[in-house]
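Novice: My questions concern the predicted model and sequence given below.
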Protein chains: 4
Amino acid sequence: MGSTRLEAFSDGVLAIIITIMVLELKVPHGATLDSLTPLWPVFISYALSFVYIGIYWNNHHHMLHVCRRVTGGILWANLHLLFWLSLVPFVTGWMGENHFAVVPTAIYGVVLLLAGIAYWILQITIIRSQGPDSTLARAVGRDAKGRLSPLLYVLAILAALFLHPGVAGALYVIVALMWLIPDQRIERIASSPGNLT
Amino acid sequence: MGSTRLEAFSDGVLAIIITIMVLELKVPHGATLDSLTPLWPVFISYALSFVYIGIYWNNHHHMLHVCRRVTGGILWANLHLLFWLSLVPFVTGWMGENHFAVVPTAIYGVVLLLAGIAYWILQITIIRSQGPDSTLARAVGRDAKGRLSPLLYVLAILAALFLHPGVAGALYVIVALMWLIPDQRIERIASSPGNLT
Amino acid sequence: MGSTRLEAFSDGVLAIIITIMVLELKVPHGATLDSLTPLWPVFISYALSFVYIGIYWNNHHHMLHVCRRVTGGILWANLHLLFWLSLVPFVTGWMGENHFAVVPTAIYGVVLLLAGIAYWILQITIIRSQGPDSTLARAVGRDAKGRLSPLLYVLAILAALFLHPGVAGALYVIVALMWLIPDQRIERIASSPGNLT
Amino acid sequence: MGSTRLEAFSDGVLAIIITIMVLELKVPHGATLDSLTPLWPVFISYALSFVYIGIYWNNHHHMLHVCRRVTGGILWANLHLLFWLSLVPFVTGWMGENHFAVVPTAIYGVVLLLAGIAYWILQITIIRSQGPDSTLARAVGRDAKGRLSPLLYVLAILAALFLHPGVAGALYVIVALMWLIPDQRIERIASSPGNLT
């Protein structure tokens, strides 16, 4: 069984997640620029989460591209990832509407952390099913970014709780920037002839 | 006519169902952990229904994979299944917001039961159109899980009404766990050479 | 240019239309069976519209299946159809919440009529681009159902306004039943060898 | 890597954007024709935005059709375009509910302008990756419409602020009409044999 339908379903869920987040931007009743002012934190948290979902879609795209065979384990590891990502609109709205208050900003990091762990589980599940010499296994061999992200999420959660939510926000932006570049290791190895298992 | 577009449409509907359920998790007004407390039942019912829709997507995926020819009857049996599944977000929200009260918990089981019957009708319709010697017919020959589920749903409905909604909830979890493993009979037979009709 | 992406986009829009309609079924606050009672008209109008969108998806599926070449005109005729269908959730909710009152029931028919006209325009546009001897042209040659539906919609609108909304509702159900069988003329001609243009 | 999954994801997001806009058409409580009257501005702004999203889908469709290779830069330029388009439902609802008041009508133009710039960036990114002699590069060589639109958006924004929102509305309609015809330059060049790079 190929990965086409898995990709189609994941694309659908990610497309819906990225789009329903905008529903948290409630249309204001006033018709002046001032009536947009209270929406700024919601808009900023929307933009941040849009980038995060985009990053997940992007990397998911690359990872499944080298996945030759879909097993039951991969299907469920993928749904597990989508579950945590489906909570992103909720925590995005909560953080935005509360103007980056302490607890919502920390919980936002918790959901990002759980999604990151779910992505890591999916990666391991795919590698295990494709064999240790597969393209993906070698591509993520020295997965610096994948190891750094959870650490930074934990730091951000602690910073939100004990320092200032602004520090957490800065860390979320840093992780996003770090990932904005798609996983070029996979791209490079997958495109070099003779490397596909 | 192949099953590609049927799969695409079903994937779309299932992806939307699984994602709009999260809209029942209304963003709370407070910014403390306490303001999340009343959301726990909604979150748990969301997670349960997420797994159920995932199971349906998963088995649907496997079933259509062995469906060579799509007839009008299959199209409508499929829409019938999607109809009952589209009510899952409604009953999920109702059960969650009422903290697993008696009637909503029973009605949740009724919708699961009707979706299960619709899945069974779809399976029969596909088998009939593919012929009794088809891969699917042999794969579901001794469909123990498919026969047990409706029975457990009926038991859960009765338990919710006459014993305690918690018993029903436990039964819903048991059915979900039972199905979490994808239908390996189909996978096994479909992947063994010479077996495809 | 093939019709694949046109189908994918249409499938997406129809899948979303069919699913967001269920959002009009607002989760009631009470936890008793009585609290579901006021939802019956909304549920019935939801089920009716679900069948209608299903019919459109089904016939759209068959029609595009014989469309070999997508032109700009076809793209816009298709979007025009999707526009009127996108209003179905609105009129469905309005009719249901007002318990099939006179004006909402008539306006429901107006939207169905406009969608029907848009489908007819799309059909003509496809036939014109494929040539008068194409599969589709011959298939819809004696399009009895396609000519009867708009007439019945007009009758239903008049019946809602001047007789009783119940008569209109019965006519909507009759049209739906009439279409439930997919367009077998196309299916038959398209599947007979040597007939494809 | 081909453009299939990029198209599928974009189709999904555009299908959701075009459909959730209709949720701003709130079902009125009354059951008379009068209760629809206050919805006219919302309906008109919905129809306008529906056409705009349709235009973007249409041109996006044509542009990606000549894109042979998807790079990381193209993925992100595409997400950047989807980001601004995802704000269209918000500004559509705001403009409609405020009956085309000065500020919402101007902000509507700002979002259209930013989406137009994002489309232009995506086009440049694709051309750069495909080479200056590619089909697309030649097709958009004398991109009159692409240069005129941003100018007209700026004029519309200024007109909304300093003249009358109606002038801005007329300009938005003019730009939409101008684009309703799909990008025939690409279609013509792409379909002429020997022109594909």
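Specialist: Great, that's in hand. Bear in mind the structure is a predicted one, so any value in this text is a computation, not a measurement.
Novice: In contact with the residue in chain A that chain B sits nearest to, which residues are there?
Specialist: At 3.3 Å from chain B, residue A:12 is the closest residue in chain A, using CB to the nearest CB. Where C-beta positions appear, they are placed from N, C-alpha and C, glycine not excepted. By CB atoms under 8 Å, 6 or more residues apart in numbering or on different chains, the residues touching residue A:12 are B:11-12, B:15-16, C:12, D:12.
Novice: if we go to 7 Å?
Specialist: Applying CB atoms under 7 Å, 6 or more residues apart in numbering or on different chains to residue A:12 gives the contacts B:11-12, B:15, D:12.
Novice: can you check residue A:77 too?
Specialist: By CB under 7 Å, 6+ apart, the contact list for residue A:77 reads A:121-122, A:125.
Novice: tell me the pLDDT at it?
Specialist: What the model reports as pLDDT for residue A:77 is 92.
Novice: Convert the helix or strand where it lies to PDB, retaining C-alpha atoms only.
Specialist: Assessed by DSSP states H and E, residue A:77 sits inside helix A:72-86. Only the C-alpha atoms of helix A:72-86 are listed here, as PDB (Å, rounded to 0.1, in the frame of the first residue of the first chain):
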ATOM      1  CA  GLY A  72      -0.800   0.100  10.400                       C
ATOM      2  CA  GLY A  73       1.700   1.500  12.800                       C
ATOM      3  CA  ILE A  74       2.500   4.400  10.500                       C
ATOM      4  CA  LEU A  75      -1.200   5.100  10.000                       C
ATOM      5  CA  TRP A  76      -1.700   5.400  13.800                       C
ATOM      6  CA  ALA A  77       1.500   7.300  14.400                       C
ATOM      7  CA  ASN A  78       0.300   9.800  11.800                       C
ATOM      8  CA  LEU A  79      -3.200  10.100  13.400                       C
ATOM      9  CA  HIS A  80      -1.500  10.600  16.700                       C
ATOM     10  CA  LEU A  81       0.500  13.500  15.200                       C
ATOM     11  CA  LEU A  82      -2.700  15.000  13.700                       C
ATOM     12  CA  PHE A  83      -4.500  14.700  17.000                       C
ATOM     13  CA  TRP A  84      -2.000  17.100  18.800                       C
ATOM     14  CA  LEU A  85      -1.900  19.400  15.800                       C
ATOM     15  CA  SER A  86      -5.700  19.600  15.800                       C
END
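Novice: Which other helices and strands does the following helix or strand past that helix contact?
Specialist: Sequence order places helix A:88-97 as the next helix or strand after helix A:72-86, per DSSP H and E. If contacts are counted by 3 or more CB pairs under 7 Å, 6 or more residues apart in numbering or on different chains; DSSP states H and E, helix A:88-97 sits against helix A:4-20, helix A:40-65, helix A:102-130.
Novice: give me the number of residues near residue A:59?
Specialist: When neighbours are defined as other CB atoms under 10 Å in any protein chain shown, residue A:59 has 18 of them.
Novice: What of residue A:29?
Specialist: Around residue A:29 there are 9 residues (other CB under 10 Å).
Novice: With residue A:102 instead?
Specialist: By the measure other CB under 10 Å, the count of residues near residue A:102 is 18.
Novice: how about the residues of chain A that lie near chain B?
Specialist: A:1, A:5, A:8-9, A:12-13, A:16-17, A:20, A:24, A:72, A:75-76, A:79, A:83, A:86-87, A:89-90, A:93-94, A:97-98, A:101, A:103-104 (CB under 7 Å from any CB of the partner chain).
Novice: Any of the residues you listed buried? List them.
Specialist: For the residues of chain A next to chain B, a burial check counting by 16 or more other CB atoms under 10 Å in any protein chain shown picks out A:1, A:5, A:8-9, A:12-13, A:16-17, A:20, A:24, A:72, A:75-76, A:79, A:83, A:86-87, A:89-90, A:93-94, A:97-98, A:101, A:103-104.
Novice: quick one on the thing from earlier: ok and the helix holding residue A:77 relative to helix A:40-65, angle-wise?
Specialist: Using axes from the mean of the first three to the mean of the last three CA atoms, to 10 degrees, the direction of helix A:72-86 lies 170 degrees away from that of helix A:40-65.
Novice: So, low pLDDT: which residues of chain A?
Specialist: Counting by pLDDT under 70, chain A has low-confidence residues at A:1-2, A:131-144, A:181-197.
Novice: closest point of it to chain C, which residue?
Specialist: The nearest approach of chain A to chain C comes at residue A:12, 7.8 Å away (CB to the nearest CB).
Novice: In space, what's closest to that residue - neighbours in sequence excluded?
Specialist: Once flanking residues are discounted, residue A:12 sits nearest to residue B:15: 3.3 Å by CB to CB, 6 or more residues apart in numbering or on different chains.
Novice: thought that neighbour was touching residue A:14?
Specialist: No: in this structure, residue B:15 is not within contact of residue A:14 by CB atoms under 7 Å, at 8.9 Å.
Novice: circling back to that earlier point, what's the neighbour count on the residue nearest to residue A:12?
Specialist: Residue B:15: 28 neighbours (other CB under 10 Å).
Novice: contacting residues around it?
Specialist: Residue B:15 makes contact with A:9, A:12-13, A:16, according to CB under 7 Å, 6+ apart.
Novice: Spell out which residues of chain A are next to chain D.
Specialist: So far as CB under 7 Å from any CB goes, chain A lies against chain D at A:7-8, A:11-12, A:15-16, A:18-19, A:22-23, A:25, A:27-28, A:31-33, A:50, A:54, A:57-58, A:61, A:65, A:180-182.
Novice: Please list only the buried members of those.
Specialist: By neighbour count, with 16+ other CB under 10 Å, these hold A:7-8, A:11-12, A:15-16, A:18-19, A:22, A:25, A:27-28, A:31, A:50, A:54, A:57-58, A:61, A:65, A:182 as buried.
Novice: Tell me the spacing between whichever residue of chain A sits closest to chain D and residue D:72.
Specialist: Nearest residue of chain A to chain D, counting by CB to the nearest CB: residue A:15, 3.2 Å away. Using CB to CB, to the nearest Å, we find residue A:15 at a distance of 19 Å from residue D:72.
Novice: wait, doesn't residue A:79 sit right on residue B:54?
Specialist: Yes: if you go by CB under 7 Å, residue A:79 and residue B:54 touch, sitting 4.5 Å apart.
Novice: ok, back up a step: how much space between the residue of chain A closest to chain C and residue C:159?
Specialist: Residue A:12 is 40 Å from residue C:159, by CB to CB.
Novice: how much space between residue A:177 and residue B:172?
Specialist: In terms of CB to CB, residue A:177 sits 43 Å off from residue B:172.
Novice: go on, residue A:128?
Specialist: For residue A:128, the distance to residue B:172 equals 31 Å [CB to CB].
Novice: When these two are compared, which one has more neighbours?
Specialist: Neighbour count, other CB under 10 Å: between residue A:128 and residue B:172, residue B:172 has more, with 24 against 14.
Novice: quick one, what contacts the more buried one?
Specialist: By CB under 7 Å, 6+ apart, residue B:172 lies in contact with B:48, B:156.
Novice: 6 Å instead, please
Specialist: residue B:156 (CB atoms under 6 Å, 6 or more residues apart in numbering or on different chains).
Novice: and it, how far is that from chain A?
Specialist: Distance, residue B:172 to chain A, by CB to the nearest CB, to the nearest Å: 17 Å.
Novice: That residue: which element?
Specialist: helix B:165-180.
Novice: That helix to helix A:72-86, inter-axis angle?
Specialist: Using the same axes, to 10 degrees: helix B:165-180 against helix A:72-86 is 130 degrees.
Novice: Going by neighbour count, list what's buried in helix B:165-180.
Specialist: Going by neighbour count (16+ other CB under 10 Å), the buried part of helix B:165-180 is B:165, B:167-169, B:171-172, B:175-176, B:179.
Novice: Tabulate these (TSV), appending distance to residue C:111.
Specialist: As requested, the buried residues of helix B:165-180 are arranged in TSV below (distance: CB to CB, whole Å):
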residue	distance to residue C:111
B:165	41
B:167	46
B:168	40
B:169	41
B:171	43
B:172	38
B:175	40
B:176	39
B:179	39
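Novice: In these, find the pair that's most separated.
Specialist: Farthest-apart pair in those is B:165 and B:179; separation 21.2 Å (CB to CB).
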